[in-house]
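Trainee: what shape does this take:
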Amino acid sequence: MNFNFVLDIVIVVSLGTILYVIARALPRINDEEQEPELKMPWTLVYLEKADNHVKIITEKFLRRTRVVLMKFDNSVDNRLRTLRKNNGKNGNLLIELEEEEHIEE
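Mentor: Numbering: from 1, shown residues only. Coordinates of the predicted model:
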């Protein structure tokens, strides 16, 4: 009984080894013997061209949007700098307003 079990294990392991060797050898098959490429239908050609145009337009739009946002960010940053310079010693109007409220109370 134990002998049959050992033989079964040996057979299964040997079959697994054979399958492994075959699977490793499959990628070595020459890929040059493939079927020739089929021509794409004319609709796919136009769809690819349209897709490329949409990608180009989207990229231009996103670049311009980024530039506009960067300009807006710079203007907000400049506005904050001038507010800090004009607001006094700490440059933070909120802190000064809170201090004034505590003094009045």
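Trainee: what's the distance between the lengthiest helix in the chain and the middle of its chain?
Mentor: With DSSP state H applied, the helix covering the greatest number of residues in the chain is identified as helix 42-86. For helix 42-86, the gap between its own C-alpha mean and the chain's C-alpha mean amounts to 18 Å (Cα atoms, centre = their mean, to the nearest Å).
Trainee: what about residue 39, is that helix, strand or coil?
Mentor: Secondary structure state of residue 39, per DSSP: H, G, I helix; E, B strand; the rest coil, is coil.
Trainee: next, give phi and psi for it.
Mentor: Recorded main-chain torsions at residue 39 are phi -70, psi 140, according to degrees, to the nearest 10.
Trainee: and stretch 4-14, what's its mean pLDDT?
Mentor: Here the mean pLDDT over stretch 4-14 is 89, rounded to a whole number.
Trainee: what of stretch 71-89?
Mentor: Here the mean pLDDT over stretch 71-89 is 84, rounded to a whole number.
Trainee: same check on stretch 18-32?
Mentor: Averaging pLDDT residue by residue across stretch 18-32 gives 74.
Trainee: what's the answer for stretch 54-68, then?
Mentor: For stretch 54-68, mean pLDDT rounds to 95.
Trainee: for that stretch, C-alpha coordinates in PDB please.
Mentor: Extracted C-alpha coordinates of stretch 54-68, given in PDB (Å, rounded to 0.1, in the frame of the first residue of the first chain):
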ATOM      1  CA  VAL A  54      -8.400  64.300 -30.200                       C
ATOM      2  CA  LYS A  55      -5.300  63.400 -28.200                       C
ATOM      3  CA  ILE A  56      -3.400  66.400 -29.700                       C
ATOM      4  CA  ILE A  57      -6.200  68.800 -29.000                       C
ATOM      5  CA  THR A  58      -6.600  67.500 -25.400                       C
ATOM      6  CA  GLU A  59      -2.900  67.800 -24.800                       C
ATOM      7  CA  LYS A  60      -2.900  71.400 -26.100                       C
ATOM      8  CA  PHE A  61      -5.900  72.300 -24.000                       C
ATOM      9  CA  LEU A  62      -4.400  70.800 -20.800                       C
ATOM     10  CA  ARG A  63      -1.100  72.600 -21.400                       C
ATOM     11  CA  ARG A  64      -2.800  75.900 -21.800                       C
ATOM     12  CA  THR A  65      -5.000  75.300 -18.800                       C
ATOM     13  CA  ARG A  66      -1.900  74.500 -16.800                       C
ATOM     14  CA  VAL A  67      -0.300  77.800 -17.900                       C
ATOM     15  CA  VAL A  68      -3.400  79.800 -16.900                       C
END
